[in-house]
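# have a look at this fold, sequence not included:
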C-alpha cells in the first residue's frame, strides 16, 4: 500500500523529529497528563500509534493506542477530515497546562502512515470502569438506563445514567449523536454503550466542582437499545418490598411499582402519593405530565430513599382503579407543635409527613420561586413555605399581610441519603395546596398600615423640605437679580453721564480753542507770504510756530475724537485699537495681536495706550511712509508690554527732530510712558522701525500730573 499523508495544520518546528525529551508513546502521554507541569513548560509530542476511535462526543476528538498503552486527544481548534479507525498515524503536537491548571495535549499535525483494521472494543462491566486499567481505551458496557438529562453548563452535551450490578456509570453524549433521546421510550431499557473511558476533565465540559470521577464518552453510533425490560407495570415488584432495606442494599437498576392516591403535586414533576398500604411515597416523574390531586394512579420508576421515606425516581404513571380509603379530615396544628417539643426545644415531627394539616397565620410575601407559585406564611415565629403549584390562583388575589387559614399536605424537606451522612438533616416542611379553597382569608390588612403611614410621613416631610429649599433658592435668585439690576442701572447712568460730559467738552473746545488757534495759523501764513522784507531768522521762527500750531490742532482733533467715541467701554482691545488707529493711517495694512483683557487695565492706562499707539502709527505713515503696521501686546506678571513695528524707511532715534523744530509726537510718547513709570525702546533702520514699551499695571494706577 502506498503511504500517503494528510496534513491538516502547518507543521510546527516539532515536526522535524522527536527530541530526546519528547513524548514518543501512549504510556508516556498517560503519565504526563496526570502530572502538573510548570506554567511555561511545553513538551513536544511525536507518537506513532493506531487510531481506535474518531469523532468522540461529536467534536472530532479521537483516541489512539500502541504497544505501550492508550491515549485520547481533543484538538483545539478541531482537526478536520480525520483519518479512519485502524489507520496507523504519526501524531505531532505538544503538552502544556491549560487555564484550568490541567495538563492537556494539543495536536498540531497528523500524518497517516498506513491503513489498517479498526480495533474491537473491550467488553467490561460498569464496575470495571472505575479502574485505571481502562483509561483512554475503547470499551463496551451494558446496563439499564435510569435517567437522561442535559448538561446545564453546555446544552449541546447530554448524559445517560447507566446502572448495572449496583454500580452507576455516566455516559457523555456529544453534539452529533444520532439517537433520538425520548425519555418515555428509553428509561428502563437495557443499552449497550461503546465509547472511550476517560477521566472527566474540562475538555468534556464539566466544571471542577461538578466533576464526576470517570465516564464513557460515546463514539458515533455507539448506542444500542435492547427492549429487555417489559413496560407492563403489573409485572414489576411492588415498592413495599424494599422499604425495609438500607439504601445501599436497594438494587438501583431495577424498577418498582406502587399504587396510591395523589395527595399533592409541586415543582412540575413531583407527586406525593398515599399508597394502599398507607405508606407516603414521593414520586419524581420523568415527564411534566402531572396527575390531578385525589387521582388514583400507578407509578413505575427506580427506587430512592432518604432514610425516612421511600420514593421513585424517573417514574411514569398511569390511571389506576385500585380501591383507596377516603382522605381524613385536615388536622389543625401550629408550626411550633411540628418544629418543637414540649420543652420548646428544636424537634421536627417527621410523622406529619403526608398528613393534611391546617395552619393559621399571616401571609407575608412571595418566596422568590422561579414561577412565583409559592408564598410565606408567618405563624408562631416561623416562616412556613406554602406551594401553590397545583393552582397558583389560590393566593395571587390575596393582599400581603392578610390573616388566613391554609390547608395543605405536609411535605418534610429531608436530605437524600448518601454514605457520608448517616443521619440526614431535616430542614423543615412545606405545605402543598391542592385547590384554591385551601386558603381561607380571615381578615385583610387595614389600609392604614405602619408602612403606609411611614410612607405618607416621609412624603410630607419631603414636600416640606422641598418647599423650604425652594424658598431659599428663590430668595437667593431674587437677591442676585436685584444686585444685577442695580449694577446695570449704575453702569447705564455712568455711561450716559460720560457721554454728556464728553459732548459738552468737545463743543466748548471746538467753539473756543480750535477757532482761536485756526485764526493764529492764518495770520502767520499771511506774514510768511510777505516775508521778503523779513530776515531769514524770522522765517524760521514763523515756520516753527506754524508746525506748533499744526501739532496743537492735531492734538485737539485727537482729543475731540476721544471725547466723542466710546472705546473705553468696549471689551475687545484688538477691535478698540483698530477703531482708534484706522482713521489716521488710510489704506496702510494693520495687523493687531493685543492679547490683554480690557478688564485688566484702568481707564487711564487704556486711554494712554490708545494715544501712544495712535501717535506712533501716525508718525510711521506720515514720516516713515510705512505700508504695513504690526501691533502686539501682552501681560507679563505685573507689566504691560506692547510694541508697534512698521516697514517704513526708518529714522535716527538719537538725532530726530524735536520741540525746537515743532515736532512734539515722539516727545509726547516718551512723556506719557514716563508718567506711567514705564520704559520705551526704539530700534530703527532702513527696513523699518520697532517701538517697544513696558509699563506697570496696578489696578489703581492713575496718570501722574
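Alright, I've got the coordinates. Computed from a predicted structure; not experimentally measured. Numbers count the residues shown, from 1 in each chain.

# do I have it right that residue 443 meets residue 402?
Yes: with contacts defined as CB atoms under 8 Å, residue 443 counts as touching residue 402 at a distance of 6.7 Å. C-beta coordinates here come from the backbone N, C-alpha and C atoms, glycine included.

# ok, the two, which is more surrounded?
residue 402 (17 against 10; other CB atoms under 10 Å).

# and the helices in the chain, which stretches?
26-32, 183-186, 335-339, 393-396, 450-509, 515-529, 536-564, 573-581, 603-622, 665-675 (DSSP state H).

# and residue 456, how far is that from residue 191?
67 Å (CB to CB, to the nearest Å).

# that should have said residue 66, apologies.
With CB to CB as the criterion, residue 66 and residue 191 are 30 Å apart.

# next one: residue 151
Following CB to CB, the distance that separates residue 151 from residue 191 is 19 Å.

# swap in residue 255?
15 Å.

# quick one, which of the two is more surrounded?
In this view residue 255 and residue 191 are compared by other CB under 10 Å, and residue 255 has more residues nearby, 25 against 19.

# go through stretch 611-623 and flag the buried ones.
611-621, 623 (16 or more other CB atoms under 10 Å).

# leaving out the residues flanking it, which one is nearest to residue 197?
residue 134 (4.5 Å; CB to CB, 6 or more residues apart in numbering).

# oh, I was asking about residue 218
That would be residue 195: by CB to CB, 6+ apart, it lies 4.2 Å from residue 218.

# and that neighbour, bridged to which residues?
Under DSSP bridges, the beta-bridge partners of residue 195 are residue 139, residue 218.

# and for it, the neighbour number?
Residue 195, neighbours per other CB under 10 Å, totals 27.

# is it true that it touches residue 217?
Yes: Residue 195 is within contact range of residue 217, at 5.1 Å (criterion: CB under 8 Å).

# any idea how far the residue nearest to residue 218 lies from residue 433?
Taking CB to CB, one finds residue 195 at 46 Å from residue 433.

# same check on residue 31?
60 Å.

# okay, these two: which has more neighbours?
Neighbour comparison, residue 31 and residue 433: the larger count goes to residue 433, with 28 against 11 (by other CB under 10 Å).

# how close does the more buried one get to residue 406?
7 Å.

# what is in contact with these two at once?
386, 439 (CB atoms under 8 Å, 6 or more residues apart in numbering).

# circling back: residue 294: which of the buried residues of stretch 611-623 is nearest?
residue 613 (108.6 Å; CB to CB).

# distance check, that closest one against residue 640.
12 Å.

# same question, residue 165
The value you get for residue 165 to residue 640, if CB to CB is used, is 105 Å.

# now residue 429
91 Å.

# check residue 675 too.
For residue 675 relative to residue 640 (CB to CB), the value is 14 Å.

# those two: who's more crowded?
Neighbours per residue (other CB under 10 Å) separate residue 675 from residue 640, with residue 640 holding more: 22 against 15.

# how about that one, what does it touch?
Contacts of residue 640 (CB under 8 Å, 6+ apart): 596, 601, 605, 609, 633-634, 694-697.

# can you rerun that using 7 Å?
Residues near residue 640 by CB atoms under 7 Å, 6 or more residues apart in numbering: 596, 633, 694-695, 697.

# quick one: least confident of these?
Lowest pLDDT among the contacts of residue 640: residue 697, with 80.

# ok, it to residue 600 distance?
Residue 697 is 7 Å from residue 600, by CB to CB.
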